[in-house]
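# sequence first, then the predicted structure:
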Amino acid sequence: MQLLDGKIASKAVKEKLQQQVNEIVSSGKRAPHLAVILVGNNGASETYVASKVKTCGEIGFKSTMIRLDVTVSEEGLLQEIIKLNQDEALDGILVQLPLPKHISEQKVIATIAPEKDVDGFHPISAGNLMLGIPSFIPATPYGIMLMLEHYNIETKGKHAVVIGRSNIVGRPMSVLLSGNNQYGNCTVTLCHSHTHNLKELCLEADIIVAALGKPEFVHADMVKDGAILIDVGITRVADATKKSGYSIKGDVAFSEVAPKTSFITPVPGGVGLMTIAGLLKNTLKAYELRTK
Ligand SMILES: Nc1nc(=O)c2c([nH]1)NC[C@@H]1CN(c3ccc(C(=O)N[C@@H](CCC(=O)O)C(=O)O)cc3)C=[N+]21
């Protein structure tokens, strides 16, 4: 078993980005600039957004954090996005999800200018991804591909089982893994809550991507010897022994599954860190496309 270490792989990606930003700035140009909008004060969202802003600073990106009250109207949020769309010196716009119930995520995402859609959630980005046209890849699937790349993991011809069909992880992941690209060419089975024979399918998998959001869902009896396990889940579970009052659990029962695997991502310290790396790569790409 080898750990796919998000700290190591994301560090490599960030160092490369930092070098690219250095070159940009020393040639007299402005730095890439990301805006992050956070509505309300969800604890987990606060952590992720803070981490995104902090990492921007570390590699020399400019970032702007926009906090809106949980009571902001849908129209108010859309107006904020339209302002950011028009800001020439801004490259990427990220609206942290989930949003309060009274706001349509679909409308919000569709309002972001496609050329600033560093989350890759806009219908144009999603359509391009499906068609194999270069575009913004959603940060988590992108981060997973970067992880596979960092550890030189061959995917061609393998059977990948993706558990979870969300628009932001499972579905785009299934498109990337099945695509005709360096980290694709898999045979993909996309499983979800209505899948009858999940255990049998998982036992056939060379690669399992667990992205359903149920802590420790994947057990050792679902995993073939030598499989590659990518754990996308991050759930906070109450834990009185921790100072924070919670511990973070992935979708994979790590301690029992890990010994059977060839490679496995830990939680925390795995896919989450790569997600931020993917977002930053998208932001640099947006910058390059907009300033060329
Ligand atoms: N518009 C939008 N874009 C997103 O990309 C987006 C989003 N909304 N909403 C929520 C999910 C989740 N997400 C994570 C980012 C970083 C970590 C991360 O850094 N995790 C660390 C720390 C974990 C922790 O301390 O909670 C780790 O896994 O080691 C996790 C999860 C981005 N998301």
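That came through, no problem.
# buried stuff in stretch 216-236?
For stretch 216-236, the neighbour count (16 or more other Cβ atoms under 10 Å) marks 216-218, 222-223, 227-235 as buried. All C-beta atoms are positioned from the backbone trio N, CA, C, and that covers glycine.
# what residue in the stretch 51-200 of the chain comes nearest to the ligand?
At 3.8 Å from the ligand, Leu97 is the closest residue in the stretch 51-200 of the chain, using Cβ to the nearest ligand atom.
# how about the residue lying closest to that residue once chain neighbours are set aside, phi and psi?
Among residues not flanking Leu97 along the chain, Glu105 sits closest, at 6.1 Å (Cβ to Cβ, 6 or more residues apart in numbering). Phi and psi for Glu105, reported as degrees, to the nearest 10, are phi -60, psi -40.
# I'd assumed Thr111 was in contact with Glu105.
No - the pair Glu105 / Thr111 is not scored as a contact, 10.8 Å apart, by Cβ atoms under 8 Å.
# those two: which is more packed in?
More neighbours surround Thr111 than the other of Glu105 and Thr111, with 20 against 13 (other Cβ atoms under 10 Å).
# in the stretch 151-292 of the chain, where is pLDDT below threshold?
Within the stretch 151-292 of the chain, the set of residues satisfying pLDDT under 70 is empty.
# that one against the ligand: which residues are in contact?
Ile234, Ile248, Val267, Pro268, Gly269, Gly272, Leu273, Thr275, Ile276 (Cβ under 6 Å from any ligand atom).
# what's the closest non-adjacent residue to the fifth one?
Translated: Gly269. Gly6 (5.2 Å).
# next up, the contacts around Lys212.
Careful, residue 212 is Leu; it's not Lys. Applying Cβ atoms under 8 Å, 6 or more residues apart in numbering to Leu212 gives the contacts Ile163, Gly164, Gly170, His192, Ser193, Gly233, Asp251.
# what about it, is that helix, strand or coil?
Three-state call for Leu212 (DSSP: H, G, I helix; E, B strand; the rest coil): coil.
# quick check: closest non-adjacent residue to it.
Gly164 (4.0 Å).
# show me where this protein has helices.
6-26, 43-59, 74-86, 105-111, 123-131, 139-150, 170-178, 198-203, 254-257, 271-291 (DSSP state H).
# what's the closest of the ones you listed to Leu34?
helix 271-291 (4.8 Å; Cβ to Cβ).
# between that closest one and helix 43-59, how many degrees?
Computed by axes from the mean of the first three to the mean of the last three Cα atoms, to 10 degrees, the angle separating helix 271-291 from helix 43-59 equals 60 degrees.
# related to what we said a few turns ago, who wins for proximity to Lys243 among the helices of the chain?
Closest among those, once you apply Cβ to Cβ, is helix 43-59, at 14.6 Å.
# mind listing what the residue nearest to Gly269 touches?
Taking Cβ under 8 Å, 6+ apart, one finds Met147, Thr265, Pro266, Gly269, Gly270, Val271, Gly272, Leu273, Met274 in contact with Gly6.
# let's have these in a markdown table, adding distance to Val36.
A markdown table is the format used below for the contacts of Gly6 (distance: Cβ to Cβ, whole Å):
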| residue | distance to Val36 |
| --- | --- |
| Met147 | 23 |
| Thr265 | 25 |
| Pro266 | 26 |
| Gly269 | 22 |
| Gly270 | 22 |
| Val271 | 19 |
| Gly272 | 16 |
| Leu273 | 17 |
| Met274 | 18 |
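# narrow these to just the buried residues.
Met147, Thr265, Pro266, Gly269, Gly270, Val271, Gly272, Leu273, Met274.
# the closest residue to Ile248 other than its chain neighbours: neighbour count?
Spatial nearest neighbour of Ile248, excluding adjacent residues (Cβ to Cβ, 6+ apart): Pro268 at 5.1 Å. Neighbour count for Pro268, taken as other Cβ under 10 Å: 14.
# look up phi and psi at Pro268.
According to degrees, to the nearest 10, Pro268 has phi -70, psi -180.
# out of the buried residues of stretch 216-236, which one sits closest to the ligand?
Nearest member of the buried residues of stretch 216-236 to the ligand, counting by Cβ to the nearest ligand atom, is Ile234, at 5.3 Å.
# now do the contacts for the closest one.
Residues counted as contacts of Ile234 (Cβ under 8 Å, 6+ apart) are Ala44, Ile248, Lys249, Gly250, Val267, Pro268, Gly272.
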